[in-house]
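Peer 1: Just a sequence and a predicted model for now, questions to come.
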Protein chains: 2
Amino acid sequence: MARAATTSDVFNAIAEPRRREIVDLLALGYRRDVTELVRQLKLPQPAVSKHLGVLRKVGLVTVHKAGQRRLYALNADGLKPVHDWIQHFEQLWTDHLAGIKEAAETTARDLAARNRSVPGHQRNSKE
Amino acid sequence: MARAATTSDVFNAIAEPRRREIVDLLALGYRRDVTELVRQLKLPQPAVSKHLGVLRKVGLVTVHKAGQRRLYALNADGLKPVHDWIQHFEQLWTDHLAGIKEAAETTARDLAARNRSVPGHQRNSKE
DNA sequence: TTGACATATTCTAATATGGGAATATAATAC
DNA sequence: GTATTATATTCCCATATTAGAATATGTCAA
């Protein structure tokens, strides 16, 4: 099998930096038509349309027709799966428990580093 | 040009569900060797090794040699770029869905509690 | 209608993928 | 030494990709 489609889920869709840029722009709160996005991203129009197509398919953006224009807006809810997943790890660098654990590991690393730097006392606790 | 490499950054690395599973397992706090991951993921060993290779290259995991085994551990800091990026959008839905955050925090507490109450290697359920 | 503008789609080419099978490397045990 | 275990790497293959160019579709305006 090949790699999963970028339209398979949000994680794949936001793996592309340009698409994150588009999301960033739309997150500012204004609807934008494709031409405006083209100007701001400095990308060819077909490229922008294609990226928007991916974002549409995974539900990260919504479109409103306005005459010959398409106004795109962010659908932030689409980012929730990423948020929920990453949230699980936040404790690993912010919580008390994790802080203690982290501190202990840091101390261990520091100790190991000190040992390494002391002549005749080196002990490789790492790798 | 073709698609960016999965090893190009964290966003690409975690686009693959199996790799997120590996990260989930390692997030429980214990180092695991490849064989244990193979058992828990029910994937062929070469597949696991390859996924671990990607996670290694983007700095999401660290390895410690222990005899003929390799003990893998999560490097949560590697997830910070994703966390920081997604954080910008949090307010865009917590205003409407205030309950979400609390639910996530409850889950985080549960996770922490589980880690706290399990000093040994017995439990590793993931649900 | 004709033409200009806005956006989407199609085509090609180059490339990275993930799975499977086989193999290679490395450490341990006998 | 050889055998066994643990892990990594290499090969092939089907597939999805992104950029770019060209083209198609759709909408407005004179």
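Peer 2: Cool, the structure landed.
Peer 1: Not counting sequence-adjacent ones, nearest residue to the residue nearest the centre of chain A?
Peer 2: When C-alpha atoms, centre = their mean is applied to chain A, the residue found nearest the centroid is residue A:14 (6.1 Å). Of all residues not flanking residue A:14 in the chain, residue A:20 sits nearest, at 5.5 Å (C-beta to C-beta, 6 or more residues apart in numbering or on different chains). To be clear about C-beta, it is placed using only N, CA and C from the backbone, and glycine gets the same treatment.
Peer 1: so how far is residue A:38 from the residue nearest to the centre of chain A?
Peer 2: Taking C-beta to C-beta, to the nearest Å as the measure, residue A:14 falls 20 Å from residue A:38.
Peer 1: Over to residue A:78?
Peer 2: For residue A:78, the distance to residue A:38 - C-beta to C-beta - is 22 Å.
Peer 1: Now do the helices in chain A.
Peer 2: Using DSSP state H, the helices of chain A run over A:10-13, A:17-27, A:34-41, A:45-57, A:80-94, A:96-117.
Peer 1: Please enumerate residues in contact with the shortest one?
Peer 2: For helix A:10-13, the external contacting residues (C-beta atoms under 8 Å, 6 or more residues apart in numbering or on different chains) are A:4-7, A:19, A:54-55, A:57-60, A:78-79, A:81-82, B:14-15, B:17, B:20.
Peer 1: what's the neighbour count on the closest residue to residue A:81 other than its chain neighbours?
Peer 2: Distances taken as C-beta to C-beta, 6+ apart place residue A:10 nearest to residue A:81, at 5.4 Å, with adjacent residues excluded. Per other C-beta atoms under 10 Å in any protein chain shown, the neighbour tally for residue A:10 reads 21.
Peer 1: Quick check: pLDDT value at residue A:10.
Peer 2: For residue A:10, the pLDDT comes out at 97.
Peer 1: ok, now residue A:120?
Peer 2: 31.
Peer 1: phi, psi of the closest residue to residue A:24 other than its chain neighbours?
Peer 2: In space, and not counting its chain neighbours, residue A:24 is closest to residue B:88: 7.7 Å by C-beta to C-beta, 6+ apart. Here is the backbone geometry of residue B:88 (degrees, to the nearest 10): phi -60, psi -20.
Peer 1: now the residue nearest to residue A:32 when sequence neighbours are not counted, which residues is it bridged with?
Peer 2: Spatial nearest neighbour of residue A:32, excluding adjacent residues (C-beta to C-beta, 6+ apart): residue A:72 at 5.8 Å. According to DSSP bridges, the residues that bridge with residue A:72 are residue A:32, residue A:63.
Peer 1: Quick one: name the residues of chain A near chain B.
Peer 2: A:3-4, A:6, A:11-12, A:14-17, A:20, A:23-24, A:27, A:74, A:76-77, A:79-80, A:82-93, A:95, A:97-98, A:101, A:126-127 (C-beta under 8 Å from any C-beta of the partner chain).
Peer 1: Run through those and flag the ones next to DNA strand D.
Peer 2: Intersecting the residues of chain A next to chain B with the surroundings of DNA strand D, defined as C-beta under 7 Å from any atom of the strand, gives A:3, A:4, A:6, A:12, A:16.
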